[in-house]
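1. Predicted model and sequence below, questions to follow.
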Amino acid sequence: MTKTKGVTVKKSENFSEWYTQICGETGAQLVDLRYDVQGFIVHRPWSMRVFRKIYQFFEEEVEKDNHEPMLFPTVIPEEHLMKEKEHAGFTPEVFWIEYAGEKKLEKRLALRPTGETQIYPLYHYWIRSYNDLPLKGYQSRITTFRNEMTTRPFLRGREFMFFETHDVFASHEEAVAQIRTDLEIMKKVIRDKLKIPFLFLQRPKWDVFKGADETFTSDSILPDGKRIQVSSTHDLGHNFAKAFDVQFVGKDGKKYYAFQTCFGPGIWRIFGTMIAIHGDDQGLMLPFCVAPLQIVIVPITFAKDKEKSDKVLKVCEKLEKELKEKYTVLLDLSDRSPGFKFNEWEMKGVPIRLEVGPRDLDNDQVTVGLRTSQEKLNVKLKDLNKKIPELAEQNDKVLEETAVRYFKNNVKDAKNLEEIKNIIKTHKGFVRIPLCSVQNDGKPCADKLKSETQGVDVCGFLFEKEEKASGNCAVCGKKATKIVYAAKSV
Ligand SMILES: [Zn+2]
C-alpha cells in the first residue's frame, strides 16, 4: 500500500503544524497557498462544499428571523469609511484602490473591512417612518479585506469569508432582544449542528468594536488552548445612526435616531475551529450534516475472480443509487488499493465508509467503518437504509461529547494572580476570575493581568445569565463586581 497522504505530527504535540498539514496538500486539501499573494488563499472544493452548508444554515436561520438578503458593492468611498469617528480607526487595516488603469481616482476607494459604512448610507434613504422598522437585512457569501500581518488558513487572512446582518430598530429594547436572537442562532448552528462549544460573552467596555456601545462575542477554545472568537454582535446604539443620519418619524410625528445592531458569525473561523476541534491524527472529522461526502462505498474486488468481482460491483452500484436519494454518496471506483482509499477518505473525514467484498456478499451484509469511533460493524444489506440515520447520529455524538469534555476541562476558577499564574502553567483555555470592574476603570487590572501572564486577556462576562461575583478582584484586591473569563487569544 502506498500512502501519499497523511500528517506527520500529532495534534496533541504540535497543534499548529498539525493544522497547517491538515489544511494543505498532503492533508485534506482544503486550501491552496500557491496563489502567490501573501495572506490570500485559494479555497479548494472540499472546503467549499462545507462552506456552502455553513452559509446555508445561517441564511435559513436569519430568514426565519425576518431578515432580507441584500448585496452591497465591495468598495467603499473614503468619506463614508471615515464618517463614524471611532470606526475610522479601521484605516490601518484597509486596502485602498487608488488607480483605474493609469488614471488616479479622484476619490480613493476602500475594499470593505466590514459592512457598516457600506450599508448605512443607504439605510438613510430606506428608512422614513416607524412603519419601515424594524429593518433587517443580511449579506451572505461575501468576503472582507483586512491587512493582517500574520495569516493562517481560516483563522486570520487578508481576504476572508463573511456573513453579516444589519438591523435597525425604533427602540433599544428591540435591539437587545435581537442580540438574544443572534445568540440563539449561534446555538442552533454552531453548537447544535457543528458541535462547537462556546461561551457567549459581553466584552468589557475597553474592548468593544470600533463604533459600538457594546460588543458580544461567541468564544471557543482551540486545541492549543487559545481562545478563538467565532462571532460578534454589536449594539451600535445611535453612533452610526448619527453619523449616517438614519432617522425615522415616530407615531407622534417627531424625528428620532434609530437603534442599530449587527451580527457577524465568522464563517471562516467557524470552519477553522471545527477542523481544529474535531480532527485527529488521521485527518478531518466532520459532523454528518456538513460532510461533503457523507458515505463512501469501497468495493473489494479481486482480479482473479471476475465473476465475484462483478457481483460486488453490481451490489455497490445498487447501494449508491439507493443511498444517493437521501445522502451525498460516492462509489470509489478509482484504480487504487482499498487501503489507500481508506486512508484517503479518513483524511477527508467521510463519516461512514461501506466496504463490500465477496465475503460480505456471502453473508448478505456490508462492513461499515465509522470515522469517529474507528469501529467496524457488519450490517445486513436489507437493514442498511434504516441504520444510516443511527450511524450519523453516533458520528455526531462522538464529536459533541469529545468537544464538550475538552471545553469543560478547560474552564478553571482562580481567585488571585498567583492562582492564575499556576493554572496557566499547565492549563489551556479560560480562567474564570472575579474582577473589580468591566467598565473602563477595570482596564488597569486587565492590563496588569495581561502583562504578568504573558498575554492572558479579559475576554468578557456571560451575557445569558448574571454570575454573581463574590470576594475581591483577582488583580487589585478591591471588591469584585463581575465574574469574567480570561484567556490567551489566537
Ligand atoms: Zn481590580
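-> Great, that's in hand.
2. which parts of the protein sit against the ion?
-> Within reach of the ion by Cβ under 5 Å from the ion, the chain has these residues: 436, 445, 473, 475, 476. In short, each C-beta sits where N, CA and C put it, glycine included.
3. what's the spacing between residue 144 and residue 478?
-> Distance of residue 144 to residue 478, given as Cβ to Cβ, to the nearest Å: 40 Å.
4. Who has more neighbours out of the two?
-> Higher neighbour count among residue 144 and residue 478: residue 144, with 22 against 14, using other Cβ atoms under 10 Å.
5. With adjacent residues omitted, what lies nearest to residue 291?
-> residue 351 (5.3 Å; Cβ to Cβ, 6 or more residues apart in numbering).
6. Might you specify the subset of the residues of the chain next to the ion located within helices?
-> Among the residues of the chain next to the ion, DSSP state H puts residue 445 in helices.
7. just curious, which of the residues of the chain next to the ion is nearest to residue 262?
-> Among the residues of the chain next to the ion, residue 445 lies closest to residue 262 (Cβ to Cβ), at 29.5 Å.
8. where along the stretch 101-250 of the chain do the strands fall?
-> Using DSSP state E, counting those that start in this stretch, the strands of the stretch 101-250 of the chain run over residues 103-111, 135-145, 159-169, 199-202, 214-221, 227-237, 247-249.
9. Now tell me what touches the first one from outside.
-> Looking back up the chat, that one is strand 103-111. 74-79, 81, 94-99, 145 (Cβ atoms under 8 Å, 6 or more residues apart in numbering).
10. how big is the angle separating that strand from strand 135-145?
-> On the basis of axes from the mean of the first three to the mean of the last three Cα atoms, to 10 degrees, strand 103-111 is oriented at 120 degrees to strand 135-145.
11. Next up, the contacts around the spatially closest residue to residue 17 that is not a sequence neighbour.
-> Spatial nearest neighbour of residue 17, excluding adjacent residues (Cβ to Cβ, 6+ apart): residue 9 at 4.8 Å. Applying Cβ under 8 Å, 6+ apart to residue 9 gives the contacts 17, 18, 21.
12. Quick one: the helices in the stretch 151-300 of the chain, in order.
-> 172-186, 239-244, 267-278 (DSSP state H, counting those that start in this stretch).
13. average pLDDT across the last one?
-> Spelled out, it's helix 267-278. For helix 267-278, mean pLDDT is 98.
14. Could I get the phi/psi values of residue 22?
-> Backbone torsions of residue 22, given as degrees, to the nearest 10, read phi -60, psi -40.
15. can you check residue 371 too?
-> The phi/psi pair for residue 371 (degrees, to the nearest 10) is phi -60, psi -40.
16. So what's the residue count around the residue lying closest to it once chain neighbours are set aside?
-> In space, and not counting its chain neighbours, residue 371 is closest to residue 351: 5.1 Å by Cβ to Cβ, 6+ apart. Using other Cβ under 10 Å, residue 351 has 28 neighbouring residues.
17. Now do the contacts for the residue in the stretch 1-150 of the chain that the ion sits nearest to.
-> Using Cβ to the ion, residue 86 is the residue of the stretch 1-150 of the chain that sits closest to the ion, at 25.4 Å. Each residue near residue 86 by Cβ under 8 Å, 6+ apart is listed here: 210, 211, 239.
18. In the stretch 101-250 of the chain, which residue sits nearest the ion?
-> residue 204 (11.6 Å).
19. Report the contact partners of that residue.
-> 438, 439, 442, 443, 446, 458, 460, 461, 484.
20. ok, now residue 205?
-> Contacts of residue 205 by Cβ under 8 Å, 6+ apart are 438, 439, 440, 442.
21. Can you verify the last one is assigned to a strand?
-> Going back to what we said before, that points to residue 442. No: secondary structure of residue 442 (DSSP: H, G, I helix; E, B strand; the rest coil): helix, not part of a strand.
22. Against the ion, how distant is residue 273?
-> Look at residue 273 and the ion: by Cβ to the ion, to the nearest Å, they are 31 Å apart.
23. Let me know how buried that residue is, in neighbour terms.
-> Neighbour number of residue 273 under other Cβ under 10 Å is 27.
24. I'd say it and residue 220 touch.
-> Yes: Residue 273 lies in contact with residue 220 (Cβ atoms under 8 Å); the separation is 5.3 Å.
25. Could you name every residue contacting both of these two?
-> 196, 228, 230.
26. Let me have these in a markdown table, extended by pLDDT.
-> Formatted as a markdown table, the shared contacts of residue 273 and residue 220 follow (pLDDT from 0 to 100):
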| residue | pLDDT |
| --- | --- |
| 196 | 98 |
| 228 | 97 |
| 230 | 98 |
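27. Neighbour-wise, give me the winner out of the residues you listed.
-> Most neighbours among those, by other Cβ under 10 Å: residue 196, with 27 neighbours.
28. For the closest residue to that one other than its chain neighbours, grab the count of nearby residues.
-> Among residues not flanking residue 196 along the chain, residue 190 sits closest, at 4.6 Å (Cβ to Cβ, 6+ apart). Neighbours of residue 190 under the rule other Cβ under 10 Å: 25.
29. Also residue 78?
-> Based on other Cβ under 10 Å, the number of other residues close to residue 78 is 17.
30. how many other residues sit next to residue 451?
-> When neighbours are counted by other Cβ under 10 Å, residue 451 comes out with 10.
31. quick one: which helix or strand includes it?
-> helix 443-452 (DSSP states H and E).
32. Provide a list of residues in contact with residue 38.
-> 151, 158.
33. Next up, phi/psi of it, please.
-> phi -60, psi 130.
34. Might you list the low-confidence residue ranges for the stretch 101-250 of the chain?
-> Residues of the stretch 101-250 of the chain meeting the criterion pLDDT under 70: none.
35. Report the buried residues of stretch 311-324.
-> 312, 315, 316, 319, 320, 323 (16 or more other Cβ atoms under 10 Å).
36. Name the nearest of the residues you listed relative to the ion.
-> residue 323 (59.2 Å).
37. Test my guess that the closest one contacts residue 293.
-> No: using Cβ under 8 Å as the test, residue 323 is too far from residue 293 to be in contact (11.2 Å).
38. joint contacts of those two?
-> In contact with both residue 323 and residue 293: residue 329, using Cβ under 8 Å, 6+ apart.
39. Can you get me a residue count around residue 444?
-> 14.
40. Equivalent analysis for residue 337, please.
-> Neighbour number of residue 337 under other Cβ under 10 Å is 12.
41. go on, residue 290?
-> Using other Cβ under 10 Å: residue 290 sits among 21 other residues.
42. Would you list the phi and psi of it?
-> Per degrees, to the nearest 10, the backbone of residue 290 is at phi -110, psi 0.
43. what's the pLDDT at it?
-> Predicted confidence (pLDDT) at residue 290: the value is 98.
44. With that, I have no additional questions.
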